[in-house]
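Undergrad: fold the following, please.
(one chain, ligands or ions: 2)
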Amino acid sequence: MSRKHCAGRARCAEFSGRAVFPIDSSLHFGRSMIDVAHALDLFDSNISALATRTVSLDAALGRVAAKDVLSKIDLPPFSQSAMDGYAVRAEDLGDASEQAPVCLTRVGEVAAGAAGELAHIGKGETVRIFTGARIPPGADAVVRQEDTMSQGGAVYFKTSVPPAHDIRGRGEELREGTRLIAAGERLDARHIGVLSMCGHAEVEVYREPRITLLISGDEIASAGRPLGPGEVYDANRPFLAGWLRMRGYANVRIVALADEREAVATALAEAFAASDLVISTGGVSVGEYDFFTHAAEAMGLETVFWRVRQRPGKPLLFARRDECILLGIPGNPGAVFVSAYVYLRRVLDRLEGRSEPGPRMRGGVLGEAVGCCARRVTWCGCQLDYDGRGVARLLPVGGHKMTQLYRADAIALIPPAEAQLPPGSVVRWFSLH
Ligand SMILES: Nc1nc2c(c(=O)[nH]1)N[C@H]1C(S)=C(S)[C@@H](COP(=O)(O)OP(=O)(O)OC[C@H]3O[C@@H](n4cnc5c(N)ncnc54)[C@H](O)[C@@H]3O)O[C@H]1N2
Ligand code: MOO
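TA: Ligands and ions are numbered 1, 2, ... in the order given. Alright, predicted model coming up:
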């Protein structure tokens, strides 16, 4: 925060509030900026996974599996018809054809889900059957109804079929004991569907982290009312709350904060008492209204790093005490956007025991020239395309502001350089999807 004027008494925190901790500017000069890769490594080495618990499949959505999960059953669990038609003994149909149909006697019907003992099919007999129904004993093939004609109890078959025709054999898709999920995989709706299909009502996962979001800034106004002088509409709270909700973090505490020392110190202490992860936005730079680095030190947190050689998001802060973590994200909405996908994702993956924590970087080629920063990496929002050989082609969306980044489907990492990076340059990137 680099506000030049105090707009009123209530906003002059520097002069009105009781000093709860001294501002020690040496803090800001004693620490060196680190590289992106080093920052990611420091999350890896400083965060351990939370405890695990067994939860219902509903509650498992978005969580990370704590153990390998194996199928409890064969799939299909019994031999079943793949078509609506007739179950037959294949050999009974001989050389049946349109011109010379073969007639069998209909002796019953099996619908999907029909319970009880099924009658044995003898020579010359057939049973009406429906998709997903059990194959009665004695039958070894199914003929779809389009290839038959039925008249009372007689069914005429206009084609012959080989044994096993249109039958899904027991265990053909999957055997009991097959590994469905590996420990450390994050579960989305696809995994939940497969787990249920294979007989699991519950699954052991790393518990959902308790998260507090501290949105700071006197100038932040909620959309829906006119802006006052010096105010801007809030980007960070709706973005981060939505980003987290989209990923299955349903119980995030959210606190809006004034740029006041006492307010920051109190909110941080309360958040640490109630959370595994505290995410703050704003107030981590070097201005007189940026209280987070000082409040963190005053509370006895260990500052693991502060400031990363990147744009946007330079004054990123990572501090911790015991198992609780503070991710202090600079207030600039573009920095919040990038930090969520790069660092918050990494922190959450580590807290939840993910075996391959994000972001997953790949290689690609720039489709257009990109401006670089001389000393910092630039995170550049790009639209993703593939050339004729399947190589990822990255088309920059224009800048690193939130209103440019939100159109991107990938973020490329542009290394520091004095000049522009020309089209065709090989860069690393990760997907936003
Ligand atoms: N003298 C220096 N000043 C600054 C430096 C520096 O190295 N030396 N770094 C700059 C960089 S880089 C960044 S990034 C910012 C980060 O500052 P803060 O984390 O203290 O963030 P704020 O000042 O609170 O906010 C920055 C910017 O973003 C707007 N903002 C904040 N919150 C929201 C929100 N919820 N919705 C929409 N917009 C928001 C805020 O109004 C500011 O314009 O520091 C630089 N300064
Ligand atoms: O590092 Mo800051 O997010 O403005 O570029």
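Undergrad: helices along this protein, start to end?
TA: 13-16, 26-29, 36-46, 57-60, 189-197, 236-246, 261-274, 292-298, 333-339, 345-351, 402-405 (DSSP state H).
Undergrad: nearest to ligand 1, out of these?
TA: Closest to ligand 1 of those is helix 236-246 (C-beta to the nearest ligand atom; 3.4 Å). C-beta here means a position set from N, CA and C on the backbone, and glycine is covered the same way.
Undergrad: hmm, that closest one in reach of ligand 2?
TA: No - Helix 236-246 does not reach ligand 2 (C-beta under 6 Å from any ligand atom); its nearest approach is 12.2 Å.
Undergrad: other SSEs contacting that helix?
TA: Here helix 236-246 touches strand 211-216, strand 253-257, strand 277-281, helix 333-339, going by 3 or more C-beta pairs under 8 Å, 6 or more residues apart in numbering; DSSP states H and E.
Undergrad: got the contact list for it?
TA: 211, 213, 215, 220, 252, 254, 256, 279, 281-282, 329, 331, 333, 336-337, 340, 344, 402 (C-beta atoms under 8 Å, 6 or more residues apart in numbering).
Undergrad: now do the buried residues in it.
TA: For helix 236-246, the neighbour count (16 or more other C-beta atoms under 10 Å) marks Asn236, Arg237, Phe239, Leu240, Trp243, Leu244 as buried.
Undergrad: is any part of that helix close to ligand 1?
TA: Yes - using C-beta under 6 Å from any ligand atom, we find that helix 236-246 touches ligand 1 at Asn236, Arg237.
Undergrad: can you offset everything so residue one is 44?
TA: Understood, numbering begins at 44; the last thing we discussed is helix 279-289.
Undergrad: could you check the angle strand 254-259 makes with that helix?
TA: Per axes from the mean of the first three to the mean of the last three C-alpha atoms, to 10 degrees, the angle that helix 279-289 makes with strand 254-259 is 170 degrees.
Undergrad: hang on, the earlier thing: for the buried ones among the contacts of helix 279-289, write the corresponding ChimeraX selection.
TA: Per 16+ other C-beta under 10 Å, the buried members of the contacts of helix 279-289 correspond to this ChimeraX selection:
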select :254,256,258,263,295,322,324,325,372,374,376,379,380,383,387,445
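Undergrad: got a list of what Pro205 touches?
TA: Ala133, Ala184.
Undergrad: what residues does this protein have near ligand 2?
TA: Residues of the chain lying near ligand 2 (C-beta under 6 Å from any ligand atom): Arg354, Pro355, Gly356, Lys357, Pro373, Asn375, Ala378.
Undergrad: now render the buried residues of helix 279-289 as JSON lines, adding distance to Met342.
TA: Below are these laid out as JSON lines (distance: C-beta to C-beta, whole Å):
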{"residue": "Asn279", "distance to Met342": "22"}
{"residue": "Arg280", "distance to Met342": "23"}
{"residue": "Phe282", "distance to Met342": "27"}
{"residue": "Leu283", "distance to Met342": "22"}
{"residue": "Trp286", "distance to Met342": "26"}
{"residue": "Leu287", "distance to Met342": "24"}
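Undergrad: can you redo these as a markdown table with pLDDT?
TA: Formatted as a markdown table, the buried residues of helix 279-289 follow (pLDDT from 0 to 100):
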| residue | pLDDT |
| --- | --- |
| Asn279 | 98 |
| Arg280 | 98 |
| Phe282 | 98 |
| Leu283 | 98 |
| Trp286 | 98 |
| Leu287 | 98 |
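Undergrad: widest-spaced pair of the residues you listed?
TA: Asn279 and Leu287 (11.9 Å; C-beta to C-beta).
Undergrad: name the nearest residue to the residue nearest the centre of the chain, ignoring sequence neighbours.
TA: When C-alpha atoms, centre = their mean is applied to the chain, the residue found nearest the centroid is Arg290 (5.2 Å). Excluding its sequence neighbours, the residue lying closest to Arg290 (C-beta to C-beta, 6 or more residues apart in numbering) is Gly105, at 5.5 Å.
Undergrad: ok, now Phe473?
TA: Pro402 (3.9 Å).
Undergrad: how about that neighbour, what does it touch?
TA: Tyr384, Val385, Arg388, Arg389, Ile454, Phe473.
Undergrad: related to what we said a few turns ago, Throw the residues of the chain next to ligand 2 into a markdown table and include pLDDT and neighbour count, thanks.
TA: Conversion of these to a markdown table gives the following (pLDDT from 0 to 100; neighbours: other C-beta atoms under 10 Å):
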| residue | pLDDT | neighbour count |
| --- | --- | --- |
| Arg354 | 96 | 21 |
| Pro355 | 96 | 23 |
| Gly356 | 97 | 26 |
| Lys357 | 97 | 18 |
| Pro373 | 97 | 24 |
| Asn375 | 96 | 23 |
| Ala378 | 98 | 26 |
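Undergrad: which ones among these map onto strands?
TA: The strands, defined by DSSP state E, take in Arg354 from those.
Undergrad: domains of the protein?
TA: As assigned by automatic domain parsing, the chain contains the domains 56-93+251-394, 95-114+225-249, 123-211, 405-474.
Undergrad: highest average neighbour count across these?
TA: Neighbour counts (mean count of other C-beta atoms under 10 Å) averaged over each of the domains of the chain peak at domain 56-93+251-394, with a mean of 19.
Undergrad: which phi and psi does Ser402 have?
TA: Just to correct that, residue 402 is Pro rather than Ser. Backbone geometry at Pro402, expressed as degrees, to the nearest 10, gives phi -80, psi 150.
Undergrad: before we move on, the earlier item: any chance of a markdown table for the domains of the chain, columns distance to Arg218?
TA: Converted to a markdown table, these look like this (distance: least, C-beta to C-beta, whole Å):
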| stretch | distance to Arg218 |
| --- | --- |
| domain 56-93+251-394 | 30 |
| domain 95-114+225-249 | 7 |
| domain 123-211 | 14 |
| domain 405-474 | 33 |
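Undergrad: I am finished for the moment; much appreciated.
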